[in-house]
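>>> Fold the following, please.
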Amino acid sequence: MKVIERKDDMLAKILKLGVYVVAFIPLVIFSEFLSPFHFGKVIVFRSVVEIMLVFYILLLLTPEGRKKYLPSKSPILWAFAILTAVFGITSMTGIEPYQSFWGTLERMGGWFTFTHYFVFFVILISVFKDRKDWIRLLQVALFVSVLSALYGYLQKTDTDWIIGSGSRSKIFGTIGNAALFAGYMIVSAFLALTMFFSKEATQNTRRFYFAVFLINSFAIFLTGIRGSVLGWVVGVLVLGFLSNSKQIKKFTLIFLLFVIASVGTLYALRNTDFVRHNQYLARYSDISPKTYTIQTRTWAWTAGIDSWNDSAKTILVGYGPENFNYPFSFHFNPKFYKGPGSETLFDRAHNMFIEVLVTMGILGLAAYIFLFTAAFKVLRRLTPEDRGYKIGFIALIIAYMIHNAFIFDTSANFIAFFTVLGFIYFLDPKTSEGAVENKGEVKLSTGLGFLAIIMFLALSIFIYKINIRPVYANYTTTRAIIASWSNDHSTAISKYEEALSYDDVPIKYEIRHRFAKYIIELSNKKGATENPQVIDALNFALEEVEKNIQERPRDYLPLLYSARLHIMSGKGDPNSPHNDKAQKA
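So this is what the prediction gives:
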């Protein structure tokens, strides 16, 4: 059989390139799409990881690859694998398996996407075997975080090309949500601070790391997210008091006293004009349990936990990932109707620990906590030479856990945090002992080459159906929305119909409701229901919403849209059968 000689690290280099591509994904924004800050990131991430997986399989099919590029056993790897498996199990046993598997358009979560994070992690720890490679990767990740932070700073200006600009009070960088952005900044800021105290840091790199820490830390404060700021403060205190340096401990004590004095002074002056007229001081001084935001979070948590207690099954495996809207609705608190915004739907608990408990049960919460405890276990056994990494990453994880007690994770946060976990895995003396230098040659036979062609052809079809078609559907929907803004309703209806022709994409649920909402608003206009095109669109919208009702029988939202559409259809005709159908819905 013909043998083609190639450099032994060719496939590994391709995989490393893929990892670097992933490092830049937090900057991805699909500005012309629904969910511009999440949809594009996940679509690009999944596609890149799927391509990487094919290359990784090809690498493992070579004898040398199996010897050199299979990950070693580690508590972190086991914890991640268990969490991924539990995610899958609870998705199948949940109240809405389809949503658990695919997630929603707004967040782009779900078990399918989460498996990609696990695959990415396995490839990451398998091909990055040299400390210099890791340092370079982390430096690139920090550089990306600075770009995201600077983008956030520009949101305080009136720069036209910056999405979210206009002197906004809470910046969200390239992440799209202030709280999620704060989480990404926390991981990056403490990663920079950890690298600052590492043994590999030089005078020049220390300047870079410290600059990153300052830039990202200031961005955290500009988000106005109190839970994230609390996490940042506790993280700094943990790092300082764990240090062996008496001088650092002294400065940490001074910092603690400064924080206590600042919080006390700010709270005492909370009712003064100076504090009330400053958007950040006013927010950070408002820490009363009666604060509306704090109350809504508490009500949502209570509704989730009350639903979690409903049965032995929900206690054990929850309602299924991505399904928090169901338990929230089952024990809905009518107090949500009061206050600004009248928040009546929470699709997330805004607390990862409660979120996991309610949607994945005790089984999921145990797996989630195990991931953190595994990281702490590995950090405990680092060598004295790596003490800087040890205390820095302990502080990072604690800060991140505190932040997650008030919000949830999405793609950029996962990418940053799992990259850090990968480096902690690498630092573990028990995993690095078995590392093998990549010397020699890998022989790719013609048979393996033919297999590669088949795999990439299959991958192309897979990516088109799973990733590209939702892109078409999403983009077409936004064309419909834009057309409706200019009152070009004929084009808007046509584009919605085109978008809904992609009836096999996971985001079809949201597109149907977008269309229904648009038709309801259009039907409220004078004389609209006398227009044959609008009447046809009403009937079509009813058909599409009915599909959502059939697919998700326990979801109340499609019923609301159905009732509204029937009301519009029966408008002006007391004898219309639509009126009876509206009441039944």
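>>> Now do the strands in this structure.
For the chain, the strands defined by DSSP state E cover 3-7, 441-445.
>>> got the contact list for residue 378?
Neighbouring residues of residue 378 by C-beta atoms under 8 Å, 6 or more residues apart in numbering: 74-76, 424-425, 427-428. C-beta: built from backbone N, CA, C; applies to glycine.
>>> 7 Å instead?
By C-beta atoms under 7 Å, 6 or more residues apart in numbering, the contact set of residue 378 is 74-76, 424-425, 428.
>>> Over to residue 77?
71, 425 are the contacts of residue 77 under C-beta under 7 Å, 6+ apart.
>>> how far away is it from residue 421?
Distance of residue 77 to residue 421, given as C-beta to C-beta, to the nearest Å: 9 Å.
>>> try residue 133
Applying C-beta to C-beta to residue 133 and residue 421 gives a distance of 16 Å.
>>> These two: which is more packed in?
Each of residue 133 and residue 421 has its neighbours counted (other C-beta atoms under 10 Å); residue 421 has more, 24 against 14.
>>> thinking again about what came up before, ok, the contacts of residue 378 vs residue 180, which is closest?
Proximity of the contacts of residue 378 to residue 180 (C-beta to C-beta) peaks at residue 424, which lies at 22.5 Å.
>>> I'd say the closest one and residue 375 touch.
Yes. Residue 424 lies in contact with residue 375 (C-beta atoms under 7 Å); the separation is 5.6 Å.
>>> Find residues that contact each of the two.
Contacts common to residue 424 and residue 375, judged by C-beta under 7 Å, 6+ apart, are residue 76.
>>> longest helix anywhere in this protein?
The helix that spans the most residues within the chain, counting by DSSP state H, is helix 352-380.
>>> From the chain's centroid, how far away is that helix?
Distance of helix 352-380 from its chain centroid, counting by C-alpha atoms, centre = their mean, to the nearest Å, is 17 Å.
>>> buried set for it?
352, 354-361, 363-368, 370-372, 374-375, 378-379 (16 or more other C-beta atoms under 10 Å).
>>> mind checking how far the residue most central in space within the chain is from residue 404?
The centroid of the chain falls nearest to residue 410 when counting by C-alpha atoms, centre = their mean (0.6 Å). Separation of residue 410 from residue 404 (C-beta to C-beta): 12 Å.
>>> could you list every residue that touches residue 520?
Residue 520 neighbours (C-beta under 7 Å, 6+ apart): 564-565, 568.
>>> if I look at it, how far off is residue 348?
Residue 520 is 26 Å from residue 348, by C-beta to C-beta.
>>> list the contacts for residue 461?
Counted by C-beta under 7 Å, 6+ apart, residue 461 has zero contacts.
>>> Next: the one 10 residues further on.
Contact criterion C-beta under 7 Å, 6+ apart gives residue 43 as the residues in contact with residue 471.
>>> Could you rerun that using 10 Å?
Neighbouring residues of residue 471 by C-beta atoms under 10 Å, 6 or more residues apart in numbering: 30, 33, 39-40, 43, 47, 464, 502, 505, 507.
>>> Give me the buried entries from those residues.
Among these, the ones that count as buried by 16+ other C-beta under 10 Å are 30, 33, 39-40, 43, 47, 502, 505, 507.
>>> Now those in TSV, please, with extra columns for distance to residue 386.
Output for these, formatted as TSV (distance: C-beta to C-beta, whole Å):
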residue	distance to residue 386
30	39
33	43
39	39
40	37
43	37
47	35
502	50
505	46
507	44
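>>> Tell me, how many residues neighbour residue 213?
Neighbours of residue 213 (other C-beta under 10 Å): 21.
>>> swap in residue 51?
By other C-beta under 10 Å, the residues close to residue 51 number 18.
>>> can you pull the contacts of the residue nearest to residue 108 when sequence neighbours are not counted?
Nearest residue to residue 108, sequence neighbours excluded (C-beta to C-beta, 6 or more residues apart in numbering): residue 42, at 3.8 Å. Applying C-beta under 10 Å, 6+ apart, one finds that residue 42 lies in contact with 25, 28, 35, 103, 107-110, 112-113, 116, 410-412, 414, 467, 470.
>>> Just the pLDDT for residue 42.
Residue 42 is assigned 97 on the pLDDT scale.
>>> quick one: low-confidence parts of the stretch 1-150 of the chain?
Residue ranges of the stretch 1-150 of the chain with pLDDT under 70: 1-8.
>>> same thing but 90
The stretch 1-150 of the chain contains residues with pLDDT under 90 at 1-11, 61-70, 106-107.
>>> what sits against residue 572?
With C-beta under 10 Å, 6+ apart, residue 572 has these contacts: 529-530.
>>> phi, psi of residue 36?
Backbone torsions for residue 36, taken as degrees, to the nearest 10, come to phi -60, psi -30.
>>> State the distance from the closest residue to it other than its chain neighbours to residue 37.
Closest residue to residue 36 apart from its sequence neighbours, by C-beta to C-beta, 6+ apart: residue 30 at 5.0 Å. Distance from residue 30 to residue 37, counting by C-beta to C-beta: 8 Å.
>>> what does residue 142 give?
According to C-beta to C-beta, residue 142 and residue 37 sit 20 Å apart.
>>> more neighbours, these two?
Using other C-beta under 10 Å, the more surrounded residue of residue 142 and residue 37 is residue 37, with 27 against 23.
>>> Could you report the neighbour count for the nearest residue to that one once chain neighbours are set aside?
In this structure, residue 37 finds its nearest non-sequential neighbour in residue 176, 2.5 Å apart by C-beta to C-beta, 6+ apart. Residues near residue 176, counting by other C-beta under 10 Å, number 20.
>>> so who does residue 176 touch?
Residue 176 is in contact with 29, 35-39, 41, 106, 163-164, 410, 412, counting by C-beta under 10 Å, 6+ apart.
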